[in-house]
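Participant: Mind looking at a prediction? Sequence and model below.
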Amino acid sequence: MTDAAELRTRTSEFLAAHPPASTDRADFLKARFDAGLAWVHYPEGLGGLGAPRSLQAVVDAELEAAGAPDNDPRRIGIGLGMAAPTVLGFGTEEQKRRFLRPLWTGEEVWCQLFSEPGAGSDLAALGTRAVRDEASGDWIVNGQKVWTSSAHSARWAILIARTDPEQPKHRGITYFVCDMTDPGVEVRPLRQITGEAEFNEVFLTDVRIPDAHRLGAVGEGWKVAQTTLMNERVSIGGMRIPREGGMIGPVAKAWRERPELRTHDLHQRLMKLWVDAEVARLTGERLRQQLVAGQPGPEGSGMKLGFARLNQEISGLEVELRGEEGLLYDDWTMRRPELVDFTGRDAGYRYLRSKGNSIEGGTSEVLLNIVAERVLGLPSEPRTDKDVAWKDLAR
Amino acid sequence: MTDLLYSEEEEALRSAVRDLLADRCDAPAVLARVETGTPHDRELWKALGEGMGLAGLLVPEELGGQGATHREAAVVLEELGRAVAPVPYLTSAVVATEALLACEGPEAAELLGALAAGRTVGALAVSLAAAPGAPFKGVRHEGGALHGELTGIADAVGADVLLVPVAGSDGADGGLYAVDTAQDGVTVTPRTSLDLTRPLATVTFDAARARALTPDAETAVRRALRAGAALLASEQLGIAEWCLTETVRYVKERHQFNRPIGSFQALKHRLAQLWLEVVNTRAAARHAADALATGGDEPHLAAALAQAYAAPVAVRAAEEAVQLHGGIGMTWEHPVHLYLKRAKADAIAYGTAGAHREALAGLVALPAP
């Protein structure tokens, strides 16, 4: 069952049995999962058919043409992109059966409890402690996590915590699935420089996690987390964007519509950024063509770096271009947006929000190190923390 | 959308050119030649142009060429840039050839055949600094012969034939003429040039005999300069790649403070940043070459975009290479200065990045105030 024609037939049969117009959305999604059409590259019985990942597009096109509801992937991005591959890769059969179906249908939202106030770029230095309660076999977790999106709506979290402080930092970590309804979990919105709160702080006080909710072996959490983090970065490069499709779009529009705003200095800067944005778009397109041709290169590792800088410079120019209007801001009201659009709202918002682009998902400084070491093969800086027990690290 | 990848045939072409250059055009050989009276390596040109048939890539088969496209010519230029090779490929096999392709008639066809065969070297007698949309100078046509002087002509030394624009009265287009350099009425005076591997000359015509190619010099020159600008981006990519690769190699080997200097974050970040720009340059250069080859996706825009992006990247790559090589990078002995000089000269050739941004502003409706 790896053939596009067979998949198309299977999808039409499924649609005939579950007409989107007359089927309840939740029932439709559950049935789609059970038919193996959720993510065809997953194993049978877990929403897939063991087919090549590229064939998912065949199913999606058929379903879209039939007006079928989707699982609102943007709302459950952490679950789909990070939790699911990790559960699939390291979970027990029981864990896979329990978690993957409601994760995919969106019935249960997931969040990620990784970053801490004291562990950002150096995530492996994290200090949230998980201690085994010998009587029950459960783990008792205490600590603080930060920059958690969806924590206020999540049912489950993927969590990494320190189980052995005597070991060097990478070795004493264990990976868990944490129940966000546990009374020891407290979620507080974390207000950003934009005025709103996309993220949360999560305080964990004597949170009890059964050993059955551990993913992977005790002390192997760092290795498991690598799967999660690799999947965080893999999704880029698939989308085709039109010319002026990104942050440059609103600036170019304002330039064309508002001749009174134009100055020579702004024009010089605008054209430089327009060139950079268009070339970045071509680089994305080239990456996409490489992936389609089955020749993935290391070029993808640079895309986020490029876009972070571009978004920041372009939105900075836009605020300036707007002159007096640039002195205003649409709304500082503290809100908790469901979805975040970097190019949404006004120029001031874009300027402030894009400051996070060089921090979230790996700071630009760390990403430059990754390019230098993994792509260019440059030696790493001497490390002083490799063989030191976590408890003895400076903090 | 343009095809931004390299085909298997293009990769094979690259390997063949790279192998030949590795054999015949290493850095010491290029350095040894630059201060002699013959800046071009005629033997190497013979091997590339005649032996491998690369001089005729852009010329249709019925005119004696290979009938290939700008995509292949771009791959050749990447490799020539990487070797900073002293051969008149860009000026003869691309720019002069494109000018001739815009002309009709047996005179142009015969010259195209000669250029394609690699035995005759041609040069367009328009300043290397001229952007595709900028005005260019012409000489006078009087009594059936050419009179006047043109400056900034790249690779004129060593050219067998010059393609010379004539200015009519009141600035009218007087047409484009072919002038053999081996005649009494033509003087080619080499100028001491920043780029030792693509030297400039002043050419003087004193009753030089000339053959008319087309009455419309404007169209031929525009087409030639646009192709030059578009494909120069591939040469700049090759220059930038060499600079990055060599510098990465050097900082891994060079030890100071008891560690390879390439382990210092200050250097790693600069090189990683440069790598990002080289990756972008490749997309821009492939886009320009493919747009010219297929005529699709606005070739004017693609050429201006590629030059506006690639020119500063090649210069930065060469400047970073000089800096990160430390003292050795300042010596005449180390070849990095050849790349710096080529990159800086390329940033002016066929229009500066600024001139191309200005052209883009018109093309994408983002007018200056």
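Facilitator: Cool, got the structure.
Participant: A:P298: how many residues sit nearby?
Facilitator: 12 (other CB atoms under 10 Å in any protein chain shown). The way it works is simple: take the backbone N, C-alpha and C, and place the C-beta from them, glycine included.
Participant: What segments of the stretch 101-250 of chain A are strands?
Facilitator: A:110-113, A:129-132, A:139-149, A:156-162, A:173-179, A:185-190, A:199-209, A:214-215 (DSSP state E, counting those that start in this stretch).
Participant: Now render the ones you listed as JSON lines, adding distance to B:E277.
Facilitator: Output for the strands of the stretch 101-250 of chain A, formatted as JSON lines (distance: least, CB to CB, whole Å):
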{"stretch": "strand A:110-113", "distance to B:E277": "32"}
{"stretch": "strand A:129-132", "distance to B:E277": "44"}
{"stretch": "strand A:139-149", "distance to B:E277": "30"}
{"stretch": "strand A:156-162", "distance to B:E277": "35"}
{"stretch": "strand A:173-179", "distance to B:E277": "37"}
{"stretch": "strand A:185-190", "distance to B:E277": "35"}
{"stretch": "strand A:199-209", "distance to B:E277": "32"}
{"stretch": "strand A:214-215", "distance to B:E277": "40"}
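Participant: Can I get the helix or strand containing B:V30 in CSV, CA atoms only?
Facilitator: For B:V30, the host element (DSSP states H and E) is helix B:27-34. Extracted in CSV, the C-alpha atoms of helix B:27-34 (Å, rounded to 0.1, in the frame of the first residue of the first chain):
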residue,chain,number,x,y,z
ALA,B,27,47.3,29.8,-8.2
PRO,B,28,51.2,30.0,-8.7
ALA,B,29,50.7,29.9,-12.4
VAL,B,30,48.1,32.7,-12.4
LEU,B,31,50.3,34.8,-10.2
ALA,B,32,53.4,34.2,-12.3
ARG,B,33,51.5,35.4,-15.4
VAL,B,34,49.9,38.6,-14.1
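Participant: how far does that helix sit from the chain's center?
Facilitator: Counting by CA atoms, centre = their mean, to the nearest Å, helix B:27-34 is centred 19 Å from the centre of its parent chain.
Participant: helices or strands up against the helix or strand following that helix?
Facilitator: Where DSSP H and E defines the elements, the next helix or strand beyond helix B:27-34 is helix B:42-45. Where contact means 3 or more CB pairs under 8 Å, 6 or more residues apart in numbering or on different chains; DSSP states H and E, helix B:42-45 is packed against helix B:8-24.
Participant: let's see 10 Å
Facilitator: Helix B:42-45 sits against helix B:8-24, helix B:27-34, with contacts defined as 3 or more CB pairs under 10 Å, 6 or more residues apart in numbering or on different chains; DSSP states H and E.
Participant: could you give the mean pLDDT of whichever helix in chain A runs longest?
Facilitator: What stands out as the longest helix in chain A, according to DSSP state H, is helix A:264-292. Over the span of helix A:264-292, the pLDDT mean works out to 94.
Participant: relative orientation of the helix or strand of chain A with the lowest mean pLDDT and strand A:156-162 in degrees?
Facilitator: Every helix and strand in chain A was compared by mean pLDDT, DSSP states H and E; the lowest is helix A:221-234, with a mean of 79. Helix A:221-234 runs at 130 degrees relative to strand A:156-162, counting by axes from the mean of the first three to the mean of the last three CA atoms, to 10 degrees.
Participant: how far away is A:V224 from A:D179?
Facilitator: As judged by CB to CB, to the nearest Å, A:V224 and A:D179 stand 18 Å apart.
Participant: Which one of those two is surrounded by more residues?
Facilitator: A:V224 (22 against 19).
Participant: Contacts only, for the more buried one.
Facilitator: A:86, A:89-91, A:158, A:160, A:173-176, A:214-217 (CB atoms under 10 Å, 6 or more residues apart in numbering or on different chains).
Participant: Pull out the buried members of those.
Facilitator: Buried subset of these (neighbour count, 16 or more other CB atoms under 10 Å in any protein chain shown): A:86, A:90-91, A:158, A:160, A:173-176, A:214-216.
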